[in-house]
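Peer 1: Quick one, structure for this:
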Amino acid sequence: MGPAISFAAAAKFAFPYRPALALVGDGAMQMLGINSLITVGKYWKRWPDPRFIVVVLNNGNLNMVSWELRALGGSPKLPQTQDVPPFDYAGYAELLGFEGVRIARSTDVRPALERAFAARRPVLIDVHADPDVVALPPHATFEQTKKLFEALAKGDPDRGSVLRQLLRQLRV
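Peer 2: Got it, this is the predicted structure:
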């Protein structure tokens, strides 16, 4: 969870002629990633290929924890411990000399990635994502699914949005 940016930076130092890509959630980005970007900001001009691409899945939630609590523990989301403070990741990246890109719609993903891979500097893509998209694995057990619905029934604060997203996914 936490070392995505550090691992991508290590890969970039090992293979400076190749692009590096890190995919990270906003919780991990706030825990460790923001600091690692400072290091990348210091060294990127020395790399023969400066492409260093960070994609932040920004949903304002420690989503992995939220879904584990729901599906494994039958516990509703506890906003006090799972909500992530809002942060302008693209703006922060721009302060470090990166190109910052913000995505609010799924149709913007491909152009943003094309732009990032064509850039001659590091790029951070700030993807504003919906935390209520059901994130059960395809091999979810009956017990996990049951626990999810128990968590929603116990008063999960996002239950309405989670159920709407679930119905949307089932229609596809």
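Peer 1: buried sites along stretch 7-24?
Peer 2: For stretch 7-24, a neighbour-count test (16 or more other CB atoms under 10 Å) marks 8-9, 11-12, 19-22, 24 as buried. Where C-beta positions appear, they are placed from N, C-alpha and C, glycine not excepted.
Peer 1: Ok, stretch 64-73 next?
Peer 2: Buried residues in stretch 64-73 (16+ other CB under 10 Å): 66-67, 69-71.
Peer 1: With stretch 127-137 instead?
Peer 2: In stretch 127-137, counting by 16+ other CB under 10 Å, buried: 127, 129, 131-132, 134-135.
Peer 1: What are the contacting residues of it?
Peer 2: The contact list for stretch 127-137 (CB atoms under 8 Å, 6 or more residues apart in numbering) reads 55-61, 63-64, 66-67, 71, 102-104, 109, 144-145, 148, 158, 161-162, 164-166, 169.
Peer 1: Can I get the buried part of these as one PyMOL selection?
Peer 2: This is how PyMOL selects the buried members of the contacts of stretch 127-137, with burial counted by 16+ other CB under 10 Å:
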select buried, resi 55+56+57+58+59+60+61+63+66+67+71+102+103+144+148+158+162+165+166
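Peer 1: residues in contact with Asp26?
Peer 2: Taking CB under 8 Å, 6+ apart, one finds 56-61, 84, 87, 89 in contact with Asp26.
Peer 1: Name the helix or strand for the residue nearest to Ile103 when sequence neighbours are not counted, please.
Peer 2: Nearest residue to Ile103 in three dimensions, chain neighbours excluded: Val127, at 4.6 Å (CB to CB, 6 or more residues apart in numbering). Per DSSP states H and E, Val127 falls inside strand 123-128.
Peer 1: now swap in Leu57 and tell me
Peer 2: Here Leu57 is assigned to strand 52-58, by DSSP H and E.
Peer 1: List the strands paired with that strand, with their directions.
Peer 2: The strands that strand 52-58 pairs with in its sheet are strand 20-25 (parallel), strand 123-128 (parallel) (by DSSP bridges).
Peer 1: In CSV: those strands, plus mean pLDDT and distance to Ile34.
Peer 2: Output for these, formatted as CSV (pLDDT from 0 to 100; distance: least, CB to CB, whole Å):
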stretch, mean pLDDT, distance to Ile34
strand 20-25, 96, 10
strand 123-128, 98, 10
